[in-house]
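1. Pasted the sequence and its predicted model underneath.
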There are 2 protein chains.
Amino acid sequence: MEKIHSLLLKQKAYQSAITALHWDLETEAASKSKANIASSIGYLSGEAYSIFVNEEMISYIDNLDLNQLSALDQKVIKELKKDLDKIKVIPKEEFVAFQTLKANATNTWQEAKNTNNYSLFSPYLSQLIDYTKKFMAYRNEAKPLYDTILNDYEEGLNMKTLDHFFNLLKDELQASIKLVNENPLTLKKMPDHYGAGKQKKLAHDLAALVGFDFEAGVLKESEHPFTLGSDKNDVRITTHYYHHNLFSSIYSTIHEAGHAIYEQNISDEINDTIALGGGNCMSIHESQSRFYENLVGREYHFLKNIKPLIEKYFEAFKDYQVEDLYLHVNQAKSSLIRVEADELTYPFHIMIRYEVEKAIFNDNIDVALLPQLWNDLYDQYLGVRPTSDTDGILQDVHFSQALFGYFPSYALGSAYASQIYNTMQEKINVKQLIEDNDLSLIKDYLNEHIHQYGKALTSNEILIKATGKSFDPQYYIDYLKNKYQGIYQK
Amino acid sequence: MEKIHSLLLKQKAYQSAITALHWDLETEAASKSKANIASSIGYLSGEAYSIFVNEEMISYIDNLDLNQLSALDQKVIKELKKDLDKIKVIPKEEFVAFQTLKANATNTWQEAKNTNNYSLFSPYLSQLIDYTKKFMAYRNEAKPLYDTILNDYEEGLNMKTLDHFFNLLKDELQASIKLVNENPLTLKKMPDHYGAGKQKKLAHDLAALVGFDFEAGVLKESEHPFTLGSDKNDVRITTHYYHHNLFSSIYSTIHEAGHAIYEQNISDEINDTIALGGGNCMSIHESQSRFYENLVGREYHFLKNIKPLIEKYFEAFKDYQVEDLYLHVNQAKSSLIRVEADELTYPFHIMIRYEVEKAIFNDNIDVALLPQLWNDLYDQYLGVRPTSDTDGILQDVHFSQALFGYFPSYALGSAYASQIYNTMQEKINVKQLIEDNDLSLIKDYLNEHIHQYGKALTSNEILIKATGKSFDPQYYIDYLKNKYQGIYQK
């Protein structure tokens, strides 16, 4: 175990460097420097790969007598074996080329999005898909390729489960979608300009308020908000400041802070194993970010409590009631942009991406046809149609990082969050805690029942720890129905 | 040569990562993350070391037939040999430990400076000195250890040259120092508060005005302003915003921009060799930063031209004359802080550090006695005495990075700048160009005569290219005497 740990420490040194380069690339690197940084990332990823995938590591792992290990060490070995099996089938040159490609693809995606030029990005997308298919095929698993992909995001997840989940949402939420689209709220117009400097200070205050630890993290700006963590003491989040929309940065800050609070509160013991450090699967991770963003951040009393803080930077809000803010941030309507979508239509954005990915991996659709498919699906699921690829297939960063299979986690995470909230409400009256502006007990509960475990439990075990039962989508459906009936049938 | 180049490319990938981690550490990393980042830097430095110092590289270099190489390749090999000879005598464990120590020492120095606690930093300083002595001793050169150190900053530089140079300055400038201290100017008081946000925008505008290329660089904040470059297309500079002092950030921005303009304008051919990329020795580098800071930035007409820009962010300056600004930024007076010092007393701050370093390396003084020595030297050379170590020996970052031997470059650089200015005045009338706000021709001249060559020429060859002769300190002495007599004997 000691030898394995010392190899993991070396790998972690590379990981810190790669993380720093990515962070730099996406938050501040100068345009002419990006190609060099991307190639450094590629090279160092190869070195990190070699430390992990080699005879030495494989023989250490194979020769261990699992029975002589502590329960925690057994989990470490199980996790390492799982990762090794995935990665050792990939030739190193291909692995390195793929890392460099991803870094370059992300740069190109940003340019393509800014200039509404899908054809700039599509050759990269095509290569990313080909690599992904090839890597999955190397594993030679007895299931559809897209199931292998999904399973990497959450053990046991497959198309059968997701088809069932999404069909249920479609059936149950159709009436609510109709309700909100046909009965738009009459809202007080929000102020139309917000300086970036003030937004930045507000974002800092809000992140601290919900529990982000600035001694173990950084908050910065990037094109697309994200969280990046290489260790519980080094968790970075970003947001984006729009001059015309204050609530975009407020909610992306709270969302990313939710991810970061998770990472920052993994137990030291688990963090030190390296292999089990970091958050659990992406669905559990998203359950935490969306818990903070929606179940805390969009609550009437949370808004009531932060209103004075908002007024500190933007005096115009003194002329608004809490109710005005509440309705503004909870209005629902079919729209084009996922990250700006309300909670009700949100899962439909996810279903669209899920259908697009099934078309890519099950039906081998030509990348040239994806914008059309994307737009058709928006028509079909939400009754709206993008007029540009910037607002269509180019809107999200994920494809450019080959994060296929990631999107369903957002919908699952939202559903897990509702289930977790339900149990917390019974045990600690979370609604009252929000009203009392006492968020620390909420954080403590999540720390104790979810965060501390890192990857040492499966997602199902975490759900059972936190809620006493396996996944049940009904909490999510009931939550959405009740919330939007409450707002729209007043 | 191809094999050597491919090893250098690998080394450069590490260097990019190490640079990114340093940049991160010094500009934004969270406090709890710093130890981990420092240890990653240490580990990766070791890997970079191994790529450079190994049998393969040594045998490639030793087996090359120099006569069959291009003139440029011959220089590459000469440079690599020089570096290898310095570094291969250091055992890898010690090299790595030293890199980690430096990263931790810099963090501790910052804390020690903030809390005026020299004893927090002194154990690190002591170790840094010991490592430096040990590494220099490994080289077993037939000269005093401090000469070996100085020679690493500029080929051929030694205590004999510096003693001569500094004694000349002491003799020639004493009367001017007396003049300025005994005849303080009557100045219009400057506004006393400057918001950091506006300073930041102004710094950005000024850097761009003097010629910093934002497509190949980043401007950010740090405790102590610095320039960091791993490639001509990736040159980062920092400044520091003080609420009570606008001109501190203005001049540190222009100073660091001067360094960056140098790095960004090395020719592609030289940059691609990697080994000869980056600026020449530190004295030449400082000649460029101080050229921009002082010979351009503190000129009456430069101030006249940037006054409208300053007023754009700080309206209060509308009530000031250009003359008020000119006198404010050119007033001279013995003081405690090097980076805030005027041009006239500046070299005396350097002489003090030079004496301190001679005490460290020639006389093996106990680190506990350094604050006292520092303060005594300030008394003796400038007639002022620090009342805290924060304003005394802890004021500069250099010792914490083991940059012993670096300080003399600042004074030499200033002197080189005067000599270069003199030739430029004859050839392109630089004074008139500043008056016409046409800084691009100044940049073109420096690009052509100095910047493009990188490390492909010696500092003496550069001086001859740019001025037609070797170093002559008299230009500097005349410049300082004339300038301050002009201001103080009006």
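-> Sure thing, it's come through. Numbers count the residues shown, from 1 in each chain, chains lettered A, B, ... in the order given.
2. in the stretch 101-250 of chain A, which spans are helices?
-> Taking DSSP state H, counting those that start in this stretch as the test, the helices found in the stretch 101-250 of chain A are A:118-139, A:145-153, A:159-182, A:196-210, A:246-264.
3. want to try TSV for the ones you listed, with mean pLDDT and mean neighbour count as columns?
-> All C-beta atoms are positioned from the backbone trio N, CA, C, and that covers glycine. TSV is the format used below for these (pLDDT from 0 to 100; neighbours: other CB atoms under 10 Å in any protein chain shown):
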stretch	mean pLDDT	mean neighbour count
helix A:118-139	97	17
helix A:145-153	94	20
helix A:159-182	96	15
helix A:196-210	97	19
helix A:246-264	97	25
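4. Chain B: which of those helices is closest?
-> Closest to chain B of the helices of the stretch 101-250 of chain A, according to CB to the nearest CB: helix A:196-210, at 4.7 Å.
5. Tell me if the closest one is near chain B.
-> Yes. If you take CB under 8 Å from any CB of the partner chain as the test, helix A:196-210 does meet chain B, through residue A:197.
6. Among the helices of the stretch 101-250 of chain A, which comes closest to residue B:91?
-> Between residue B:91 and the helices of the stretch 101-250 of chain A, the tightest spacing by CB to CB is seen for helix A:246-264, at 37.5 Å.
7. distance between that closest one and the chain's centre?
-> 11 Å (CA atoms, centre = their mean, to the nearest Å).
8. Packing partners of that helix?
-> Applying 3 or more CB pairs under 8 Å, 6 or more residues apart in numbering or on different chains; DSSP states H and E, one finds that helix A:246-264 contacts helix A:196-210, strand A:217-221, strand A:227-231, strand A:234-239, helix A:282-290, helix A:322-330, helix A:439-449.
9. How far does the last one sit from its chain's centre?
-> In terms of CA atoms, centre = their mean, the centre of helix A:439-449 is found 20 Å from the chain centre.
10. Just the buried positions in that helix, please.
-> A:439, A:442, A:443, A:445, A:446, A:447, A:449 (16 or more other CB atoms under 10 Å in any protein chain shown).
11. I'd like those residues written out as TSV, with pLDDT added.
-> Output for those, formatted as TSV (pLDDT from 0 to 100):
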residue	pLDDT
A:439	97
A:442	98
A:443	98
A:445	97
A:446	98
A:447	98
A:449	96
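12. and of those, the nearest to residue B:43?
-> Closest to residue B:43, out of all of those and judged by CB to CB, is residue A:447, at 30.8 Å.
13. So the closest one versus chain B, what's the distance?
-> Between residue A:447 and chain B the computed distance is 17 Å (CB to the nearest CB, to the nearest Å).
14. ok so, going back, got JSON lines for the helices and strands packed on helix A:246-264, with distance to residue A:341 too?
-> Listed next are those as JSON lines, based on distance: least, CB to CB, whole Å:
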{"stretch": "helix A:196-210", "distance to residue A:341": "20"}
{"stretch": "strand A:217-221", "distance to residue A:341": "22"}
{"stretch": "strand A:227-231", "distance to residue A:341": "19"}
{"stretch": "strand A:234-239", "distance to residue A:341": "17"}
{"stretch": "helix A:282-290", "distance to residue A:341": "12"}
{"stretch": "helix A:322-330", "distance to residue A:341": "12"}
{"stretch": "helix A:439-449", "distance to residue A:341": "24"}
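15. For residue B:377, which of these is the nearest?
-> Closest among the helices and strands packed on helix A:246-264, using CB to CB: strand A:217-221, at 39.8 Å.
16. So which residues make contact with the closest one?
-> A:27-28, A:200, A:203-204, A:207, A:212, A:234-241, A:253, A:260, A:264, B:28-30, B:33 (CB atoms under 8 Å, 6 or more residues apart in numbering or on different chains).
17. again, only this time at 7 Å
-> Residues outside strand A:217-221 that contact it (CB atoms under 7 Å, 6 or more residues apart in numbering or on different chains): A:27, A:203-204, A:207, A:235-241, A:260, A:264, B:28, B:30.
18. Now the most centrally placed residue in chain A. Nearest residue, chain neighbours left out?
-> Residue closest to the mean C-alpha point of chain A, counted by CA atoms, centre = their mean, is residue A:286 at 5.3 Å. What sits nearest to residue A:286 in space, not counting adjacent residues and going by CB to CB, 6 or more residues apart in numbering or on different chains, is residue A:413, at 2.5 Å.
19. any idea of the pLDDT on that neighbour?
-> We have a pLDDT of 97 for residue A:413.
20. does the closest residue to residue A:166 other than its chain neighbours count as helix, strand or coil?
-> Spatially, and ignoring its direct neighbours in sequence, residue A:166 is nearest to residue A:351 (5.0 Å; CB to CB, 6+ apart). Three-state assignment for residue A:351 (DSSP: H, G, I helix; E, B strand; the rest coil): helix.
21. Pretty sure residue A:153 is one of the things residue A:405 touches, is it not?
-> Yes. The criterion here is CB atoms under 7 Å, and residue A:405 meets it with residue A:153 at 5.1 Å.
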